[in-house]
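1. Here is a sequence with its predicted model. Questions after.
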Amino acid sequence: GQQLNQSPQSMFIQEGEDVSMNCTSSSIFNTWLWYKQDPGEGPVLLIALYKAGELTSNGRLTAQFGITRKDSFLNISASIPSDVGIYFCAGQRDDKIIFGKGTRLHILP
Amino acid sequence: DTGVSQDPRHKITKRGQNVTFRCDPISEHNRLYWYRQTLGQGPEFLTYFQNEAQLEKSRLLSDRFSAERPKGSFSTLEIQRTEQGDSAMYLCASSQAGEQFFGPGTRLTVL
């Protein structure tokens, strides 16, 4: 079974608000990944983290690889309507990726 | 666009029937992965190939499931004697020793 705990499960926010979600694991990963999945599509990689403590940005997205290598967070600043979707954290060990259950982001009109 | 493609996108079948899905990876990607995703869950690893060799299989891959990549390019995933619990999205991904790029998936519904 899956080993990652991702929270929150869902979020309802106003456009323009910042978003934060996180992921914890019972085991260590060499790489942390954050994906976004739109309905009817496969996941798309947003950010990859390779070193403990690493903080990486991609536009309005910022993610950090926890110092213990067992956790990571993703922040989205100034949310816009196209940010709606499901965000997955994932840990990679060798060639295998283990996904969290996802955070479903809703933006209120 | 030469991303990962999967066929069919949707499949409805009756319990007990066999189904086969196809994945075409990004050209020259030597690694190909199959995942299964059920509603409200993240994708779960099933198996992967390096070229034509199947290197790892998850315990989720029961005896009714078989995957092949005969020429090291496209891959097929077959499910025999489908059960209602097999209903899921089956995702394929490919990589060249780096980021895995996912296809759009095949949604299977077993009635």
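-> Cool, the structure landed.
2. Quick one: residues in contact with the worst-scoring helix or strand of chain B on mean pLDDT.
-> Taking mean pLDDT, DSSP states H and E as the measure, chain B has strand B:53-57 as its least confident helix or strand, at a mean of 92. Strand B:53-57 is contacted by residues A:95, A:96, B:46, B:47, B:48, B:49, B:67, B:68, B:69 when judged by CB atoms under 8 Å, 6 or more residues apart in numbering or on different chains. Just so you know, the C-beta spots here come from the backbone N, C-alpha and C atoms, and that holds for glycine as well.
3. quick one: stretch A:12-20 to chain centroid distance?
-> 15 Å (CA atoms, centre = their mean, to the nearest Å).
4. what's in contact with it?
-> Applying CB under 8 Å, 6+ apart, the external contacts of stretch A:12-20 come out as A:11, A:73-81, A:83, A:105-109.
5. Give me the nearest residue to the residue most central in space within chain B, chain neighbours excluded.
-> In chain B, the centroid-proximal residue (CA atoms, centre = their mean) is residue B:34; its distance is 3.8 Å. Using CB to CB, 6 or more residues apart in numbering or on different chains and skipping the chain neighbours, the partner closest in space to residue B:34 is residue B:46 (4.3 Å).
6. Note down every partner strand of the host helix or strand of that neighbour and its orientation.
-> Using DSSP states H and E, residue B:46 sits in strand B:44-50. Paired strands of strand B:44-50, with direction, are strand B:31-37 (antiparallel), strand B:53-57 (antiparallel) (DSSP bridges).
7. Surely the residue nearest to residue B:34 touches residue B:67?
-> Yes: judged on CB atoms under 8 Å, residue B:46 makes contact with residue B:67 at a distance of 7.5 Å.
8. check contacts around residue B:83.
-> For residue B:83, the contact set (CB under 8 Å, 6+ apart) comprises B:15, B:64, B:110.
9. try it again with 10 Å
-> For residue B:83, the contacting residues are B:15, B:16, B:62, B:64, B:110, taking CB atoms under 10 Å, 6 or more residues apart in numbering or on different chains as the criterion.
10. Could you check how far residue B:35 is from residue A:81?
-> With the distance defined as CB to CB, to the nearest Å, residue B:35 ends up 28 Å from residue A:81.
11. And the two? Which one has more around it.
-> Legend: neighbour count by other CB atoms under 10 Å in any protein chain shown for residue B:35 and residue A:81, higher for residue B:35 (26 against 8).
12. For the closest residue to that one other than its chain neighbours, give me its contacts.
-> In this structure, residue B:35 finds its nearest non-sequential neighbour in residue B:43, 3.8 Å apart by CB to CB, 6+ apart. Residue B:43 makes contacts with A:2, A:35, A:37, A:42-43, A:88, A:90, A:97-99, A:102, B:33-37, B:88-91, B:93, B:102, B:105, as judged by CB under 10 Å, 6+ apart.
13. same thing but at 6 Å, please
-> Each residue near residue B:43 by CB atoms under 6 Å, 6 or more residues apart in numbering or on different chains is listed here: A:99, B:35, B:37, B:91.
14. For residue A:56, see how far away the third one is.
-> This means residue B:37. According to CB to CB, residue B:37 stands 26 Å off from residue A:56.
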